[in-house]
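Trainee: Structure, please.
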Amino acid sequence: MASFFLDELLRCGTTTAMVYCTVHPSSVNAFFTESEKRQLRMVAGKIMMDRNCPDFLSDTAEGGARDSEELIRKWHKRGRQLYAITPRFAPTSTEAQLQLAGELAQTYSDTFLQTHVAENTDEVAWVKSLFPSARSYLDVYDHYGMMRPRAMYAHCIWLDDHDRARMRETQSAASICPTSNLFLGSGLFDFARADAAQVPLSLATDVGGGTSFSMLQTMNEVYKVARMAALICRPCGCSIWRRWAMRAACSSKAQSAISRLASKRISWCSIRMRLLCSRAAPRAPKAWKNCCSRWPCLAMTAR
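Mentor: Reported below is the predicted structural model:
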């Protein structure tokens, strides 16, 4: 399975990704072993999940933390492999497990952290029932010390302004999952409020609920999400380079460039940067460089 998955990523031109393995430590070992063979730069971790799931997929608070720490010591910064502490999402972890996950995140501050937040309204209501003292869904993670640089939160659709301010303050990134959100009818990511709050942004295929491994196809869908919300042409700084990127991506020269680069299995971030520097966008403003810090996943090259 790890071999098939990584080959599909390569076929789509992706050489760096954040990936959720299963609850089993062996899945992480298999994944990183195959990634190492291909000399890819992957960020991955064992799911931590000790409630609200089938027994055969459940770990324990202590066992999940112990396994995660062992995997961190084995794989983090081994060659090009990086580890992500990975509680699946708040409803599938007890308070004890979230506490231990947060302690791991603080102890191993150079690791990544990935989880899900505010994907749909039913999920938000469920979290409220499980954590009634929390101000919001995101506040659950904040309470346990899991908001920090290198933390990646998938979806982030149903956040409020206070949540977005906390993401900016802690430099926790939102991972936008357009194909999944459209397929499941979860909602539309609010680019205007995220831009206004200067939330770090990234882009994800979410292959569990999404419909494509391709980052190019995912970019196609996130453009539609933004268009549907009438946000793509808002006069804010981060939209400047997006307008140029979309204009470039729609040109025949850029389409040809995409095809050539994809055939060479170049990562999407390289494709984006080459497009903006090509004749397809001859007068692309310098402002896009400043926006890379707001899109950490797209700005990160495979080294």
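
Trainee: Helices of the stretch 1-150 of the chain, residue ranges please.
Mentor: Remark: helices assigned in the stretch 1-150 of the chain by DSSP state H, counting those that start in this stretch are 2-11, 25-37, 61-75, 95-107, 121-130, 137-143.

Trainee: mind checking the SS state of the residue positioned nearest the centre of the chain?
Mentor: The chain has S175 as the residue nearest its centroid, 3.8 Å off, counting by Cα atoms, centre = their mean. Of the three states, S175 takes strand according to DSSP: H, G, I helix; E, B strand; the rest coil.

Trainee: quick one, what contacts it?
Mentor: S175 sits next to 18, 114, 152-156, 202-204, 297 when contact means Cβ atoms under 8 Å, 6 or more residues apart in numbering. (C-beta placed from N, C-alpha, C; glycine too.)

Trainee: Let's have those in JSON lines, adding distance to Y144.
Mentor: Formatted as JSON lines, these follow (distance: Cβ to Cβ, whole Å):
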{"residue": "M18", "distance to Y144": "20"}
{"residue": "Q114", "distance to Y144": "15"}
{"residue": "M152", "distance to Y144": "16"}
{"residue": "Y153", "distance to Y144": "13"}
{"residue": "A154", "distance to Y144": "17"}
{"residue": "H155", "distance to Y144": "19"}
{"residue": "C156", "distance to Y144": "18"}
{"residue": "S202", "distance to Y144": "22"}
{"residue": "L203", "distance to Y144": "26"}
{"residue": "A204", "distance to Y144": "23"}
{"residue": "C297", "distance to Y144": "24"}
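
Trainee: Nearest to G185 among those?
Mentor: For those, the residue nearest G185 by Cβ to Cβ is H155; the value is 12.8 Å.

Trainee: what's near enough to touch F131?
Mentor: Contacts of F131 (Cβ under 8 Å, 6+ apart): 90, 95, 140.

Trainee: From A196, how far off is it?
Mentor: 27 Å (Cβ to Cβ, to the nearest Å).

Trainee: Likewise for I157?
Mentor: 16 Å.

Trainee: likewise D139?
Mentor: 20 Å.

Trainee: Which one's more surrounded, the two?
Mentor: Taking other Cβ atoms under 10 Å, D139 and A196 do not tie; D139 has more neighbours (18 against 15).
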